[in-house]
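[1] Structural data only, the sequence is not supplied:
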Ligand code: AMP
Ligand code: ZN
Ligand code: FE
Ligand code: FE
């Protein structure tokens, strides 16, 4: 019997991935995944299209989302699995975030336009109906011929330390955990020690407060956390009595992360299923 292969963090073109939800499901089947969670940034827009592919792909789909939050000025991404899809709590939260992202992107493009010939309208068009983010401005800079790919743009001009970078007001992480719980979903803190992305992380004390609010797990096994960082995450999880997950954070051709390269243990997945109010979409 082949072990169950479960990847709980992926993005489609409904946020900043480059594969459509349909293409993502086909790739999941080809990669030999048994279970995939679609976790676009601040939107459930891709879930319906992905769910239509479940029967022909034979892959179980976990409806989910990755919520942009910040706590004391530190950015944190919160995954939420199996919400009650009738609840308006999370869609209301996303509406505010999308507006804050638009405001922030206007400011970033203004800064960038001093050195690169790009406009906010182009970035808006690149994002389409997706919540606008740095990957979309990266795509515009690549199309204009300034950089070879997204990763190069992030390294050279979009890092949080760059003079072009602008922070945006996202919901507080603790309040977001409370809202995820209110929506019947299961909260997991994404890549809490990915040192290539940011310099400052949520402290152990802050993560303890998230646990108090209902946090279920930390994402330990992730392509952007090295061995030392993963060990640190597992140590914090053990200390606080949190579960650990593993996921690829696949973004299509926008990032080197390969679908299925990091996986979650079946017993942890079973616990997520028993806690979530929403239904799994099974073949
Ligand atoms: P934003 O939410 O606008 O601050 O953009 C953050 C998103 O950019 C992350 O969630 C990733 O999907 C993406 N990202 C971060 N670093 C990189 C990178 N080095 N290459 C490509 N995409 C990245
Ligand atoms: Zn992303
Ligand atoms: Fe993330
Ligand atoms: Fe992600």
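    Sure thing, it's come through. This one's a predicted model, so the numbers in the text were calculated from it and none came from an experiment. Ligands and ions are numbered 1, 2, ... in the order given.
[2] Give me the number of neighbouring residues for the residue in the stretch 1-150 of the chain positioned nearest to ligand 1.
    Among the residues of the stretch 1-150 of the chain, residue 133 lies closest to ligand 1, at 3.0 Å counting by CB to the nearest ligand atom. Heads up, the C-betas are built off the backbone N, CA and C, glycines and all. For residue 133, the neighbour count with other CB atoms under 10 Å is 20.
[3] how near is it to residue 229?
    23 Å (CB to CB, to the nearest Å).
[4] Likewise for residue 35?
    Relative to residue 229, residue 35 is positioned 25 Å away (criterion: CB to CB).
[5] And for residue 243?
    Using CB to CB, one gets 18 Å for the distance from residue 243 to residue 229.
[6] and what of residue 158?
    When distances are taken as CB to CB, residue 158 and residue 229 turn out to be 21 Å apart.
[7] More neighbours: which of these two?
    Residue environment comparison for residue 158 versus residue 229 gives the larger neighbour count to residue 158, 22 against 19, counting by other CB under 10 Å.
[8] Disregarding residues adjacent in the polypeptide, which is nearest to the more buried one?
    Ranked by CB to CB, 6 or more residues apart in numbering and with sequence neighbours excluded, the top spatial neighbour of residue 158 is residue 134, at 4.9 Å.
[9] wait, doesn't the one you found sit right on residue 154?
    Yes - with contact defined as CB atoms under 8 Å, residue 134 counts as touching residue 154 (7.1 Å).
[10] which of the two has more neighbours?
    Applying other CB under 10 Å to residue 134 and residue 154 shows that residue 134 carries more neighbours, namely 23 against 20.
[11] ok, that one - contacts?
    Shown in contact with residue 134 (CB atoms under 8 Å, 6 or more residues apart in numbering): 108, 154, 158.
[12] Can you tell me what sits against the longest helix anywhere in the chain?
    Identified as the longest helix of the chain according to DSSP state H is helix 89-112. Residues outside helix 89-112 that contact it (CB under 8 Å, 6+ apart) are 42-44, 65, 67-68, 80, 83, 118-120, 123-124, 131-134, 136-137, 141, 157, 163-171, 176, 179-180, 182-183, 185.
[13] Kindly report the same for stretch 263-274.
    The set of residues external to stretch 263-274 that reach it, using CB under 8 Å, 6+ apart, is 3-8, 35, 62, 81-82, 186, 188, 216-217, 221, 243-247, 280.
[14] What mean pLDDT does that stretch get?
    pLDDT averaged over stretch 263-274 equals 98, rounded to a whole number.
[15] what's the answer for stretch 131-139, then?
    In this model, stretch 131-139 has an average pLDDT of 98.
[16] buried sites along that stretch?
    Judged by neighbour count (16 or more other CB atoms under 10 Å), stretch 131-139 contains these buried residues: 131, 132, 133, 134, 135, 136, 137, 138, 139.
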